[in-house]
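Visitor: from the sequence below, what's the structure:
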Amino acid sequence: MNRFLLPILSVAAAMLPYVAAGPGMCGAGDEKPDDIVGVYHVSHGGEESRVRVFRLEDDSYSAQVVWVRDSLDRDGNIRLDEKNPDKSLRSVPCNRLMIMSGLKYDTVKSRWAGGKIYDPTRGLRANVVCDFKSADTLAVRGSLLGISQTVFWKKLE
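Guide: Residues are numbered from 1 along each chain as shown. As a prediction, the model looks like this:
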C-alpha cells in the first residue's frame, strides 16, 4: 500500500465511530440520563401527537401524551382510549395517555431500557428501548413476542 495513503486511512478509520454516531453526537456514552427529558413530536399509526418524557423520584422515566392532532371524535367529543386491554383505562382522554413507564438509563449501553410502551392505535403494550440517533431524534423501539418496531420521536424542547 502506498506509504502516503496509509496514515490517511488510519485517521479515517479512527474517526469512523464519531461519524457513524450522527450529527450532534460525539459517540456512545455522551448522553446523560436526563437527556431524554422533554417534549417530542410523534407521528405513528396515522396519528400525530406530542409526548412529554419526565423523570420520576425512583430515577425511572415515563411519557405522557400532552396533545393529539385529531383529538375529537365525529360527535365533537374528546376521543378515549377505547382499545386499551385494561377496561378501567378506556375512559382516559387521548391527550392524557401514559404511554411509557419504567424506563431506566443503562450507563453501560448508553440507552434507556427496561420499561414498557403502550401503542394506543393498536391497544398493545410492549418492551421498550430508546436511544438518540442525533441530538434531537430519539429512536423508540417497542418489542413484543420477538417482533420490534422503531418510531423516531423529534425533540421539540
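
Visitor: could you check how far the most centrally placed residue in the chain is from residue 56?
Guide: Most central residue of the chain, judged by C-alpha distance to the mean C-alpha position with C-alpha atoms, centre = their mean, is residue 140 at 3.3 Å. Between residue 140 and residue 56 the distance is 18 Å, computed by C-beta to C-beta, to the nearest Å. From N, CA and C alone the C-beta is placed, and that goes for glycine too.

Visitor: do residue 155 as well
Guide: From residue 155 across to residue 56, the span is 20 Å (C-beta to C-beta).

Visitor: out of the two, which sits in the busier spot?
Guide: Neighbour comparison, residue 155 and residue 56: the larger count goes to residue 155, with 18 against 11 (by other C-beta atoms under 10 Å).

Visitor: and the more buried one, what's its pLDDT?
Guide: At residue 155 the predicted local confidence, pLDDT, stands at 97.

Visitor: okay, and the beta partners of it?
Guide: residue 40 (DSSP bridges).

Visitor: so what's residue 56 closest to, chain neighbours aside?
Guide: Take residue 56 and drop its neighbours on the chain: the residue closest to it by C-beta to C-beta, 6 or more residues apart in numbering is residue 62, 6.1 Å away.

Visitor: hmm, I was thinking of residue 131
Guide: Nearest to residue 131 is residue 111, by C-beta to C-beta, 6+ apart, at 3.9 Å.

Visitor: do residue 123 as well
Guide: residue 83 is the one closest to residue 123 (C-beta to C-beta, 6+ apart), at 3.1 Å.

Visitor: so who does that neighbour touch?
Guide: Neighbouring residues of residue 83 by C-beta atoms under 8 Å, 6 or more residues apart in numbering: 120, 121, 122, 123.

Visitor: and the residues you listed as JSON lines, adding secondary structure, pLDDT and distance to residue 74?
Guide: Formatted as JSON lines, the contacts of residue 83 follow (DSSP: H, G, I helix; E, B strand; the rest coil; pLDDT from 0 to 100; distance: C-beta to C-beta, whole Å):
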{"residue": "120", "secondary structure": "coil", "pLDDT": "90", "distance to residue 74": "18"}
{"residue": "121", "secondary structure": "coil", "pLDDT": "87", "distance to residue 74": "18"}
{"residue": "122", "secondary structure": "coil", "pLDDT": "89", "distance to residue 74": "21"}
{"residue": "123", "secondary structure": "coil", "pLDDT": "92", "distance to residue 74": "20"}
